[in-house]
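Q: Below is the sequence, then the predicted model.
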Amino acid sequence: MKVAYFLFFLGCVSACAQDDPGMMATQQAIQSSLQTQQASQQAIDQMQQASQLANQQAMQSSNDQAALRPNEDADLVVDLTGQPALSIKSGEVESGTTMRIKCHTRRAVIYYTTNGWTPTIASHRYLEPIKINSSMELQAIAVAPHMARSLVAKADYTVQGPRTSIQPVALPANGVLLAGTRLHLVTGSQLNSRTAQVGDTISILLNQEITAGNAILLPKGTPVQATITLADPAGHAGVPGELAFAVHSLTAKGLAIPLAGGETLEGANHYDARGLLLVPVAAIVSLTARGDEAQIKPGMEFTVAVAKDTPLHQ
């Protein structure tokens, strides 16, 4: 309304200014003032738009980071991806049994392991039904956009029959251990998430022989260099302890073979049914139950990859 009156006044001044030089100068001054106000308002609008965009980008970045932190304290988690559902419960099954995994959260991606270690987004992605041909300890997680990682689904399957033995790695004629070759390793000691610290060494051993012809170049039990990269003790509200380690290399006869890989292990959670952490950030979660510590025990098997072509000499 004020703008309409101002424009009416400006029109009157313009009509009068045609016969009066003084009025003409007044009209020009008013127009200049109006242009200055318009430029100032445009600058304010641009600043407000930039501020809104910055706030939106900050909120988006915060949501993305939250989705990558599945094990944050309970009162910081806004929402969890639904826990995967396994089509077959733990127990004895026949060889060749097909097992399926589902998650009801929209656009959730499922990752799984079959060796008893806790899966991460670097584990096998579930893309088709899993054939159970031998005994396995299956674990699965689900991750949906802008949500925290799900709870871990677990099942132990037993298949009757002799266990498949681990065969030696036989080098080709040129004696080179090729990059990408999978090596079977095994843990050699016990570790607990309550007492372990990042940077600690962990006992890992080669779990197969590396041979050239009839000669054993690296015997089973050769030590492997590995260190702890994550050590979080169990917490309140049922939060479990967690351990992770990275494997670096194994050394034999003065020769270092670079390796790439590692594993993660999470203890059992004891979240209370009164609220699976789906609470506002400002809410106070008054749960006292603690999760179990993660415990790495001797004899836990896994595989890693050779990181670089390495000639091995007899």
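A: Received it, and whenever you're ready, just let me know what you need. Numbers count the residues shown, from 1 in each chain.
Q: Bridged to Thr113, which residues?
A: Going by DSSP bridges, Thr113 is paired in beta bridges with Gln139.
Q: can you offset everything so residue one is 12?
A: Sure, I'll start numbering at 12, so the last one becomes Thr124.
Q: Can you get me a residue count around it?
A: 21 (other Cβ atoms under 10 Å). (C-beta placed from N, C-alpha, C; glycine too.)
Q: mind listing what it touches?
A: Contacts for Thr124 (Cβ atoms under 8 Å, 6 or more residues apart in numbering) come out as 130, 134-135, 149-150.
Q: Same list, these, but as TSV with neighbour count, distance to Arg193 and pLDDT please.
A: Listed next are these as TSV, based on neighbours: other Cβ atoms under 10 Å; distance: Cβ to Cβ, whole Å; pLDDT from 0 to 100:
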residue	neighbour count	distance to Arg193	pLDDT
Pro130	27	18	97
Ser134	19	15	96
His135	13	14	96
Leu149	22	20	97
Gln150	24	20	97
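Q: Can you verify my assumption that Thr233 contacts Ser260?
A: No: Thr233 is beyond contact range of Ser260, at 11.1 Å (criterion: Cβ atoms under 8 Å).
Q: re earlier: save the contacts of Thr124 as TSV, and put in distance to Ala300 too.
A: What follows is the contacts of Thr124, written out as TSV (distance: Cβ to Cβ, whole Å):
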residue	distance to Ala300
Pro130	24
Ser134	28
His135	31
Leu149	26
Gln150	21
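Q: In this structure, what helix or strand scores lowest on average pLDDT?
A: helix 13-28 (a mean of 45; mean pLDDT, DSSP states H and E).
Q: of Thr233 and Ser260, who's got more company?
A: Just comparing Thr233 and Ser260: by other Cβ under 10 Å the higher neighbour count belongs to Thr233, 20 against 17.
Q: now the closest residue to the more buried one other than its chain neighbours: how far from Pro156?
A: Excluding its sequence neighbours, the residue lying closest to Thr233 (Cβ to Cβ, 6 or more residues apart in numbering) is Leu217, at 4.1 Å. Per Cβ to Cβ, to the nearest Å, Leu217 is found 40 Å from Pro156.
Q: So for those two, which residue has more residues nearby?
A: Taking other Cβ under 10 Å, Leu217 and Pro156 do not tie; Leu217 has more neighbours (21 against 13).
Q: And that one, what's its pLDDT?
A: What the model reports as pLDDT for Leu217 is 97.
Q: What strand or helix carries Ala190?
A: In this structure, Ala190 is located outside every helix and strand according to DSSP states H and E.
Q: Just give the number of residues close to it.
A: Neighbour count for Ala190, taken as other Cβ under 10 Å: 13.
Q: Give the full set of residues in contact with it.
A: Ala190 neighbours (Cβ under 8 Å, 6+ apart): 316-320.
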